[in-house]
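*Asks:* Following is a predicted model, sequence given first.
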Amino acid sequence: MPAPIRLRELIRTIRTARTQAEEREMIQKECAAIRSSFREEDNTYRCRNVAKLLYMHMLGYPAHFGQLECLKLIASQKFTDKRIGYLGAMLLLDERQDVHLLMTNCIKNDLNHSTQYVQGLALCTLGCMGSSEMCRDLAGEVEKLLKTSNSYLRKKAALCAVHVIRKVPELMEMFLPATKNLLSEKNHGVLHTSVVLLTEMCERSPDMLAHFRKLVPQLVRILKNLIMSGYSPEHDVSGISDPFLQVRILRLLRILGKSDDDSSEAMNDILAQVATNTETSKNVGNAILYETVLTIMDIKSESGLRVLAINILGRFLLNNDKNIRYVALTSLLKTVQTDHNAVQRHRSTIVDCLKDLDVSIKRRAMELSFALVNGNNIRGMMKELLYFLDSCDPEFKADCASGVFLAAEKYAPSKRWHIDTIMRVLTTAGSYVRDDSVPNLIQLITNSVEMHAYTVQRLYKALLDDISQQPLVQVASWCIGEYGDLLVSGQCEEEEPIQVTEDEVLDVLEGLLVSNLSTPVTRGYSLTAIMKLSTRFSSVNRIKKVVSIYGSSIDVELQQRAVEYNALFKKYDHMRPALLERMPIMEKTSSNGPTEIVQTNGETEPSIVEPKHPPPVTQPANQVRALLIALGLSLLNIVCMYGLFLINHESLSTIPPMIAYNKNGLKIDFTFERANPNPNIAVITIHASNSTDADMTEFVFQAAVPKTFQLQLLSPSSNVVPALNQGTVTQVIRVLNPQKQQLRMRIKLTYTLKGSPVQDLSEVNNFPPQSWQ
Amino acid sequence: MMRFLLLFSRQGKLRLQKWFTPMTEREKKKIIRDMTSMVLSRQPRSCNFLHWKDLKIIYKRYASLYFCLAIENQENELLALEVIHRYVELLDKYFGNVCELDIIFNFEKAYFILDEFLMGGEIQETSKQMINRSIEASDMLQEDDSSEWYEVELFG
């Protein structure tokens, strides 16, 4: 058998492959060769083969058949074998693998090996990926090595102990004795890993934290030496001595000083020293300053020190380096609640960051800006934020718009300013505004009574320009519906009143109804607005016509509204003015939104809605107005419910009922209501009854009509038809028949009777002529 | 602690992967895919920090290689940049003007150096010279394997 090819040779060969397929072929060939070589138990080339396998694994190919070979390499006496074996173990043998535990014995032996580099390999592997069981087994060995005088091993043992503690926290106690003089080490490697170990222990156990507080003076001394000592070539990074160790010490100090006055005081001076003396021209100095700032903000530092920290962050904001600006904004965001005034001083710099080119920085700057808005700076800040809203990427617009609304609501200096700000957002970022903003805005406008004329005028003008932004259109429609009379009256205090006629207003609203840009929700708003104007405008006939046209709209929601509004015109004209009167002021309960609106109108009995409870729906039918208001903006639903109720009572006896199906004990009757005045819709109610001696469960009624008709099935009353005619299941069908063709229907019935499923199809042709003529 | 370190080329080919927490092969592959696509699609002059799930991703490009380090939220990002830089310096010293090909053909050496610098997601040694000496001594031990001489204890 020829010797397996060398690693570098294989790498060279694989890299010559021009396609993925070619590469795969080479890999498969080599894997086959490696597999046979493994089978031959060849010690000489095992190392080379595993190394090749690791390379192929990196390319993404499976290498699990090499796992046991790694174990054999680890057990070998040769250092080369062990080196590759342990590398393979770290890459292929993590704790999820079955054979992972087989490593334990080898590692144990190697931890006691005479060569420190072998010990190092074992410690490294254990410290990177040892499982909990392995850690439990070998913790004693690690603890022993933690006490050795060999600094090469001691530092590795410290990090290994950290891993053991992370995996098996209960073992933390056993490492406590060994930590006694860790900090007296001169060796930076040991010092660094010791600080990491102490940090881990303090983070996990309040007792350990209390115990190690006494180390604060020693840590302060070490840090001081690092700063004050001269140039040390071994640890120097751009003029700073061992920045990694400095940062780690600062972090441990942070943990020790948090909520402890004495410790915080003991570290005050050194923190001030680091903050003022660290060279800031390079990233490394700024890394230390950053950590120092985080520590100052977290411990109980005196106010002078805190101000110093915030000023450092302020200087960071002016740094050319993006990373540093980003880090500053993130930190300021964390401290803005506790040190609000100090952060305010840097407001202008923060606002400038809104214009930064980097997306991450812009987002942070936006969040921070909103946190800084208060009653004093609202005007200036809003100008900047609105400018930002105009020009920012779409991904920001929704959040920014919401933020603007919130800030405006909290700190608006005047109602006019508030309305103007809302207008600005709606017109510039209208399509990104969240859906829940619309009811909030409507409520806001309603409550700004003296601004109604101004608001509706501005909204009307905005509509003339652009009807594509749905939230804007919805708010505008609602306002025009409510305050259209103010619009045409030509009175406006805040600005030059516009001259507009009733017909022009109705043109605009009708335009919304037909436009392709309008969503169904928007159309609903427009139709309701037109209807409301019937009590405010004189051109009632025009409105009647529009409303009646939409009685046959394909959109069922619009159709329903139109039909009910028609009912208002015809039979309930005397109620129309009351129903469509101006909305009263809505008072908001605790915080959130339209679901907690309470009506405070003196006319009807107050229906106090407690926060978090849904509004009451059990009002008597003649308290329509109270119903309307309690449910706030869903004028439609109430009118519809009420209207349907009326209609059902009116037209019961016009069309005779019929039996549509009667078989095997199941009888289905159809009763009819004509949706007066629209003769094109037949409203059929099915009544299913069951004369057998067992219930029919999972009852489903389905219907189909010829193509010229349209069908709508509402929800059934239940899906169990009780036995022996003890009750009926009812369901409403609405059939639209614009061409007045003879009504025909196919029905499909499915149910379960005494455990067996039953299904039947049938045609219904015996509809009375009045139902479709 | 650090969670993982990835090195990949501008075409997204993986050159080194070091994981500091156990993960399935599938999870690893997904993370590699996510990292390469996120990092490679960044604008040239953006900042070097990204957010991904609950981790901070620090990335930096050196010549044709991207170094991508994931750290937990409480870690110092600016220092993470220094960690990456330190590793590059170590590679550079070892290989002499290191380039991507060195890492491709000597990936196991790159791992050995990394394992002297980091362990269990933390920094193990802060002195460049100490790490260099350890690696040199280990390399010499490997040579001893092929010679007839017994192992020599070096640099206690």
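*Replies:* Yep, it's here. Since the structure is predicted, the reported quantities are computational estimates derived from the model, not experimental observations.
*Asks:* so who does residue A:480 touch?
*Replies:* A:456, A:459-460, A:463, A:487, A:505, A:508-509, A:529, A:533 (Cβ atoms under 8 Å, 6 or more residues apart in numbering or on different chains). C-beta here means a position set from N, CA and C on the backbone, and glycine is covered the same way.
*Asks:* Go again with 6 Å.
*Replies:* By Cβ atoms under 6 Å, 6 or more residues apart in numbering or on different chains, residue A:480 lies in contact with residue A:529.
*Asks:* what do you get for residue A:185?
*Replies:* Residue A:185 is in contact with residue A:191, counting by Cβ under 6 Å, 6+ apart.
*Asks:* Check the stretch 351-500 of chain A for the residue nearest chain B and tell me.
*Replies:* residue A:358 (5.2 Å; Cβ to the nearest Cβ).
*Asks:* Could you count how many residues lie near that residue?
*Replies:* By other Cβ atoms under 10 Å in any protein chain shown, 19 other residues sit near residue A:358.
*Asks:* quick one, phi/psi of it?
*Replies:* With angles defined as degrees, to the nearest 10, residue A:358 sits at phi -80, psi 130.
*Asks:* ok, it touching residue A:322?
*Replies:* Yes - using Cβ atoms under 6 Å as the test, residue A:358 is close enough to residue A:322 to be in contact (5.4 Å).
*Asks:* Need the overlap of contacts for these two.
*Replies:* Contact criterion Cβ under 6 Å, 6+ apart; residues shared by residue A:358 and residue A:322: residue B:47.
*Asks:* still on that earlier bit, ok, the residue of the stretch 351-500 of chain A closest to chain B - contacts?
*Replies:* By Cβ under 6 Å, 6+ apart, the neighbours of residue A:358 are A:322, B:46-47.
*Asks:* same question, residue A:58
*Replies:* residue B:14.
*Asks:* How about residue A:442?
*Replies:* By Cβ under 6 Å, 6+ apart, the contact set of residue A:442 is residue A:478.
*Asks:* and if you look at residue A:8?
*Replies:* By Cβ under 6 Å, 6+ apart, residue A:8 lies in contact with residue B:105.
*Asks:* Check the secondary structure at it for me.
*Replies:* helix (DSSP: H, G, I helix; E, B strand; the rest coil).
*Asks:* Residue A:44 versus that one, what's the distance?
*Replies:* In this view, residue A:8 and residue A:44 are 18 Å apart by Cβ to Cβ, to the nearest Å.
*Asks:* Give me the below-cutoff pLDDT ranges for the stretch 651-773 of chain A.
*Replies:* Residue ranges of the stretch 651-773 of chain A with pLDDT under 70: A:651-654, A:674-679, A:773.
*Asks:* and the residue of it nearest chain B?
*Replies:* Nearest residue of the stretch 651-773 of chain A to chain B, counting by Cβ to the nearest Cβ: residue A:698, 41.4 Å away.
*Asks:* and the closest residue in space to that residue that isn't next to it in sequence, what are its phi and psi?
*Replies:* The spatial neighbour of residue A:698 that comes closest, neighbours along the chain excluded (Cβ to Cβ, 6 or more residues apart in numbering or on different chains), is residue A:752 at 4.8 Å. The phi/psi pair for residue A:752 (degrees, to the nearest 10) reads phi -120, psi 130.
*Asks:* Quick check: residue A:752 touching residue A:697?
*Replies:* Yes - counting by Cβ under 6 Å, residue A:752 does reach residue A:697; the two are 4.9 Å apart.
*Asks:* So what does residue B:59 look like in phi/psi?
*Replies:* Backbone dihedrals for residue B:59, given as degrees, to the nearest 10, come out at phi -130, psi 150.
*Asks:* err, residue A:698, not the other one
*Replies:* According to degrees, to the nearest 10, residue A:698 has phi 50, psi 40.
*Asks:* Stretch A:689-708: end-to-end distance?
*Replies:* With Cα to Cα, to the nearest Å applied, stretch A:689-708 spans 30 Å between its terminal residues.
*Asks:* Closest to the centroid, which residue in chain A?
*Replies:* In chain A, the residue lying closest to the centroid (Cα atoms, centre = their mean) is residue A:399, at 11.5 Å.
*Asks:* And what about that one, helix, strand or coil?
*Replies:* Residue A:399 falls in the helix class when you classify it by three-state DSSP.
*Asks:* Below-threshold pLDDT in chain B: ranges please.
*Replies:* For chain B, the stretches flagged by pLDDT under 70 are B:146-156.
*Asks:* Near chain A, which residues of it are found?
*Replies:* Chain B has residues B:14, B:22, B:46-49, B:76, B:78-79, B:81-82, B:105, B:111, B:115, B:119-120, B:122-127, B:129, B:138, B:141-142, B:145, B:151 near chain A, with proximity defined as Cβ under 6 Å from any Cβ of the partner chain.
*Asks:* Quick check: which ranges of the stretch 1-150 of chain A have low pLDDT?
*Replies:* Along the stretch 1-150 of chain A, segments meeting pLDDT under 70 span A:1.
*Asks:* Close to chain B: what parts of it are there?
*Replies:* Residues of the stretch 1-150 of chain A that fall close to chain B, judged by Cβ under 6 Å from any Cβ: A:8, A:11, A:58, A:78-80, A:87, A:94-95, A:115, A:117, A:124, A:127-128.
*Asks:* Now secondary structure too, for the residues you listed, in CSV please.
*Replies:* CSV is the format used below for those (three-state DSSP):
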residue, secondary structure
A:8, helix
A:11, helix
A:58, helix
A:78, coil
A:79, helix
A:80, helix
A:87, helix
A:94, coil
A:95, coil
A:115, coil
A:117, helix
A:124, helix
A:127, helix
A:128, helix
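*Asks:* Quick one: neighbours of residue B:43, just the number.
*Replies:* For residue B:43, the count of nearby residues is 9 (other Cβ under 10 Å).
*Asks:* That one - that's part of a strand, no?
*Replies:* No - using three-state DSSP, the secondary structure at residue B:43 is coil, not a strand.
*Asks:* Return the set of buried residues in the helix or strand containing residue A:365.
*Replies:* Residue A:365 belongs to helix A:359-372 when assigned by DSSP states H and E. Using 16 or more other Cβ atoms under 10 Å in any protein chain shown as the test for burial, helix A:359-372 gives A:359-372.
*Asks:* just checking, residue A:562 is part of a helix?
*Replies:* Yes - assessed with three-state DSSP, residue A:562 lies in a helix.
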